[in-house]
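Peer 1: structure for this input, please:
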Amino acid sequence: MIATTPPPYYAVIFTNIKNEDDEGYAQTASRMVELAQLQPGFLGLESAREEVGITVSYWRDLESIKAWKANAEHIEAQKNGNKKWYQSYTTRIAKVEREYSL
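Peer 2: Got it, this is the predicted structure:
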């Protein structure tokens, strides 16, 4: 879950459809969560998977997102995703201006 922080902050919304052969995917996904949590500006993460997977990570600012995208291990995971794990994916970056919850 996201750490308590007042808006504004940013959400990176990653949706994907995986290939049937996903050998190594779970281990890499777990490592990416561990690694993201160590990144400056990381606020939290939510994820779900059925036919479509969705992961929303939350960040303090755009610079933090750029630094995460440039992380060497993350770059390698992205290459593997392109080559073998994903049929398709979309990444969206949005500024969260308000939030409320129950």
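
Peer 1: switch to C-alpha atoms for all contacts and neighbour counts from now on
Peer 2: OK.

Peer 1: quick check: next helix or strand after the longest helix anywhere in the chain?
Peer 2: Under DSSP state H, the helix in the chain containing the largest number of residues is helix 25-37. Next in sequence after helix 25-37, counting helices and strands by DSSP states H and E, comes strand 42-49.

Peer 1: what packs against the helix or strand harbouring Ser57?
Peer 2: In this assignment (DSSP H and E), Ser57 forms part of strand 53-59. Applying 3 or more Cα pairs under 8 Å, 6 or more residues apart in numbering; DSSP states H and E, one finds that strand 53-59 makes contact with strand 9-18, strand 42-49.

Peer 1: surely Pro40 touches Ser64?
Peer 2: Yes: here Pro40 reaches Ser64: they are 6.4 Å apart, a contact under Cα atoms under 8 Å.

Peer 1: quick revisit: can you give the contact residues for the strand holding Ser57?
Peer 2: 2, 9-18, 41-48, 65 (Cα atoms under 8 Å, 6 or more residues apart in numbering).

Peer 1: hmm, 10 Å instead?
Peer 2: The contact list for strand 53-59 (Cα atoms under 10 Å, 6 or more residues apart in numbering) reads 1-3, 8-18, 33, 36-37, 39-49, 64-65, 68, 89-96.

Peer 1: of those residues, select the buried ones using a ChimeraX command.
Peer 2: To isolate in ChimeraX the members of the contacts of strand 53-59 that are buried, counting by 16 or more other Cα atoms under 10 Å, one can use:
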select :9,10,11,12,13,14,15,16,17,18,36,41,42,43,44,45,64,65,68,95
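
Peer 1: wait, a helix at Ser64?
Peer 2: Yes: assigned with DSSP: H, G, I helix; E, B strand; the rest coil, Ser64 falls within a helix.
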